[in-house]
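J.: 3D model of this:
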Amino acid sequence: MNESPTPGPRPPLAYKNEEFLKGPDSRPLRLLSEYIEPLSHFRKQRIRDTVVFFGSARIREDGPLGAYYKDARTLAAMVTAWAKTFRERTYRFVVCSGGGPGIMEAANRGAMDAHGKTIGLNIGLPFEQFPNPYITNELNFEFHYFFMRKFWFAYLAKALVVFPGGFGTMDEMFEILTLAQTKKLAKKITIVLYGSSFWKEIVNFEALVKYGTIAAADLDLFHFADTPEDAMEILRDSLTENAEVSEPEVPAISPSAKPDETTIAGT
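T.: Model prediction:
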């Protein structure tokens, strides 16, 4: 009598096959994961919108530019305390940073000082970038793809505060400015450049108008501020006005959400 053949080894399920998931054929899945996984957390934590802080990872509290660290921490605490006045079923104007050290740490730290939720959108880099200890655990993210990280900066932001920084800070700042200039953001966003002497020396905005590469009206896309109080006044005035606009409580792409209310146009 012939014996039945011994069954072969059971192959792993596709979604548990690490070799497959890390390979080039699964890149679309990894990209999608960096959209769906943060979205899931934001829904569970009831995050409705954010105030994003950009700035150098190299600025230290006790360094030569330490005043900017202290001001970012102070402003983030002010924003967080004020945002609590809008607290209902969702969290409004939550302080969000790139999750790393320097100005990013100062922003998350200030929000924690005010006992608020705070978001860190970290990116895997060979140096400088590591999660700071002041991020809310459930809102601490690690991204591989820069553009997915940038998507989440823009998707939830109602305001952007840009402290002095280098290539990364300017890349992120000009991307948001370009989206606002070209009306690719289907919402109003308030942009504050903190440290007018720094920014006016680093970027000659007036020369861009002079040579016709931007319009004079494009200078109205942003404001300058030099103290936490001045920045907070700008944010309070603009965000209070925008807070009255009806929007989905938790941003999401779903049949019940109007696509032009919370998304970046075209996405």
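J.: any low-confidence regions in this structure?
T.: Scanning the chain for pLDDT under 70 picks out 1-2, 126-129, 244-267.
J.: Do a quick rundown of the strands in it.
T.: 50-54, 94-97, 118-123, 140-143, 157-162, 190-194, 223-225 (DSSP state E).
J.: Please identify the buried residues of the shortest one?
T.: This means strand 223-225. 223-225 (16 or more other C-beta atoms under 10 Å). In this view, the C-beta of every residue, glycine as well, is placed from N, C-alpha and C.
J.: same check, this time on stretch 45-56
T.: Going by neighbour count (16+ other C-beta under 10 Å), the buried part of stretch 45-56 is 45, 47-56.
J.: These: which two are farthest apart?
T.: Maximum pairwise distance in these, criterion C-beta to C-beta, is 28.5 Å, between 48 and 56.
J.: Please report how far the nearest residue to residue 20 once chain neighbours are set aside lies from residue 238.
T.: In space, and not counting its chain neighbours, residue 20 is closest to residue 26: 5.9 Å by C-beta to C-beta, 6 or more residues apart in numbering. As judged by C-beta to C-beta, to the nearest Å, residue 26 and residue 238 stand 42 Å apart.
J.: same check, this time on residue 223
T.: Distance, residue 223 to residue 238, by C-beta to C-beta: 9 Å.
J.: What of residue 183?
T.: Note on residue 183: its distance to residue 238, by C-beta to C-beta, is 17 Å.
J.: higher neighbour count, these two?
T.: With neighbours defined as other C-beta atoms under 10 Å, residue 183 and residue 238 compare such that residue 238 has more, 18 against 8.
J.: Is the more buried one in contact with residue 189, as I believe?
T.: No: counting by C-beta atoms under 8 Å, residue 238 stays clear of residue 189, with 9.0 Å between them.
J.: shared neighbours, the two?
T.: Here residue 238 and residue 189 have residue 159 as joint contacts, going by C-beta atoms under 8 Å, 6 or more residues apart in numbering.
J.: what sits against the most centrally placed residue in the chain?
T.: Against the mean C-alpha coordinate of the chain, by C-alpha atoms, centre = their mean, the closest residue is residue 153 at 2.8 Å. Residue 153 is in contact with 52, 96, 121, 172, 176, counting by C-beta under 8 Å, 6+ apart.
J.: List the contacts of the fourth one.
T.: Right, residue 172. 54, 98, 150, 153, 162.
J.: change it to 7 Å
T.: Each residue near residue 172 by C-beta atoms under 7 Å, 6 or more residues apart in numbering is listed here: 54, 150, 153.
J.: Repeat that for residue 9.
T.: Neighbours of residue 9 in contact, by C-beta under 7 Å, 6+ apart: none.
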